[in-house]
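J.: got a predicted model here, sequence first, then my questions.
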Amino acid sequence: MTMFKPVFLTAALALCAGTASAQEERFMTIGTGGQTGVYYVVGQSICRLVNRDTATTGIKCTAPSTGGSVANVNAIKAGDMTMGVAQSDIQYHAYNGSSAEFEGDKKFEGLRSVFSVHPEPFTVVARKDANIAAFDDLKGKRVNVGNPGSGQLATMEVVLAAKGWTMGDFSLASQLKPAEQSAALGDNTVDAIIYTVGHPNGSIQEATSTVEANLVPVEGAEIDKLVEENPYYAKAVIPGGMYAGTDADTNTFGVKATFVTSADVPEDMVYEVVKAVFDNFDRFKGLHPAFANLEPEQMVSEGNSAPLHPGAEKYYREKGWIQ
Ligand code: GLU
């Protein structure tokens, strides 16, 4: 018996020494979106770069699929997620408590921006046989308006309010997830789908290749007013020829995808994440075609309305991207 004791102790000491010299493991999660969208790739790409450095930083990153922008911000507020992707309009409303989703105690003053990512045009795709050439033609049609928790549902509500419409103006306002809506368009259970998403992406590609379909412009006086009055909206164009069935440019408006976190997340963790992305920026850009035109200085200055997290700020100062 006594013979075993020293062996056990040695093993225990070795174990202690091992953990003391390595970095303490810390887990972080990134809220994304549906698996056919671009947020999922944003989260997966960031984690891939972060996890290359786990041996030195101790940080282990995962990026599960979620309901999208609103769900991500709420999960960060609740402490269930460390970071997440959210539309610039959702970031603005969450921080300021300025929309139905975030009013009263749903406001999130501890929200912090990290950087913005790709532009996300508000995208409407319709079956050709539904004869929808403009947004106003959606009246009386079966429209998938976005799943609860998604950015597209929140932005759609803003568009409807601007036009003086309600969900009752559609014969059906379904709330399927992005992964289900392209199939619904093909199966003729809806006439049109709404998605606020970066381009090109697999989801719209699927929608426009399984059935004859066209992108629908979203423009006019009400949209001009929305863009004029709100800093987080901008005019957007989906280039012609990007998807089957739409050869001409499609005018619409849009937001930016942004990467956000909470003021409660430690400075060094956010610093390491930002460093992993920008120290390997060419690699990051290569991970999705929607990232092709990203420029670091713009990602730091555009689309962010909540204050920058100090961990991000530290890295940007070192780079000279902010003063
Ligand atoms: N913009 C969408 C949302 O906020 C998600 C788009 C995507 O997954 O790429 O829910």
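T.: On my side now, so go ahead.
J.: now stretch 225-233: mean pLDDT?
T.: On average, the pLDDT along stretch 225-233 is 97.
J.: close to the ligand, is it?
T.: No. If you take Cβ under 6 Å from any ligand atom as the test, stretch 225-233 misses the ligand, and the best it gets is 12.6 Å. Every C-beta, even on glycine, is put in place using the N, C-alpha and C of the backbone.
J.: got the contact list for that stretch?
T.: The contact list for stretch 225-233, computed with Cβ atoms under 8 Å, 6 or more residues apart in numbering, reads 87-89, 91-92, 158-159, 162, 234-235, 253-256, 303, 305.
J.: repeat that with 7 Å
T.: Residues outside stretch 225-233 that contact it (Cβ atoms under 7 Å, 6 or more residues apart in numbering): 88-89, 92, 158, 162, 234-235, 253, 255, 303, 305.
J.: any buried residues in it, and which?
T.: 226-227, 230, 232-233 (16 or more other Cβ atoms under 10 Å).
J.: please apply the same query to stretch 156-173.
T.: 156-160, 163, 165, 170, 173.
J.: CA atoms of that stretch as CSV?
T.: The C-alpha trace of stretch 156-173 is given here as CSV (Å, rounded to 0.1, in the frame of the first residue of the first chain):
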residue,chain,number,x,y,z
MET,A,156,-39.2,43.9,-42.2
GLU,A,157,-41.3,45.3,-39.4
VAL,A,158,-39.6,48.7,-39.8
VAL,A,159,-40.3,48.6,-43.6
LEU,A,160,-43.9,47.7,-43.1
ALA,A,161,-44.3,50.5,-40.5
ALA,A,162,-42.7,53.0,-42.9
LYS,A,163,-45.2,51.9,-45.6
GLY,A,164,-48.2,52.0,-43.3
TRP,A,165,-48.7,48.2,-43.8
THR,A,166,-49.0,45.4,-41.2
MET,A,167,-48.4,41.7,-41.4
GLY,A,168,-52.1,41.5,-42.1
ASP,A,169,-51.5,42.9,-45.6
PHE,A,170,-50.0,39.6,-46.6
SER,A,171,-52.3,36.6,-47.2
LEU,A,172,-49.7,34.6,-45.2
ALA,A,173,-46.8,35.9,-43.1
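J.: now that stretch: average pLDDT?
T.: Rounded mean pLDDT across stretch 156-173 is 98.
J.: my guess is Pro178 meets Thr36, correct?
T.: Yes. With contact defined as Cβ atoms under 7 Å, Pro178 reaches Thr36; the gap is 5.4 Å.
J.: what's the helix or strand for Ala276?
T.: For Ala276, the host element (DSSP states H and E) is helix 267-278.
J.: who touches that helix?
T.: 26, 28, 46, 49-50, 53, 57, 59, 83, 114, 261, 284, 296, 309-312, 314-315.
J.: next helix or strand past that helix?
T.: helix 281-285.
J.: which parts of that next one are buried?
T.: 284-285.
J.: distance between that helix and the chain's centre?
T.: Computed by Cα atoms, centre = their mean, to the nearest Å, the separation of helix 281-285 from the middle of its chain amounts to 18 Å.
J.: now the very next helix or strand once past it, how far from the centre of its chain.
T.: On the C-terminal side of helix 281-285, the nearest following helix or strand under DSSP H and E is helix 296-301. Distance, stretch centre to chain centre, for helix 296-301: 17 Å (Cα atoms, centre = their mean).
J.: element containing Cys47?
T.: Element membership of Cys47, judged by DSSP H and E, is helix 39-51.
J.: okay, buried residues for that helix please.
T.: In helix 39-51, counting by 16+ other Cβ under 10 Å, buried: 39-50.
J.: now stretch 134-141
T.: For stretch 134-141, a neighbour-count test (16+ other Cβ under 10 Å) marks 135, 137-138, 141 as buried.
J.: contacting residues around Met167?
T.: Taking Cβ under 7 Å, 6+ apart as the test, what Met167 contacts is 145, 160, 173.
J.: now Glu219
T.: 251-252.
J.: now with 6 Å?
T.: Asn251 (Cβ atoms under 6 Å, 6 or more residues apart in numbering).
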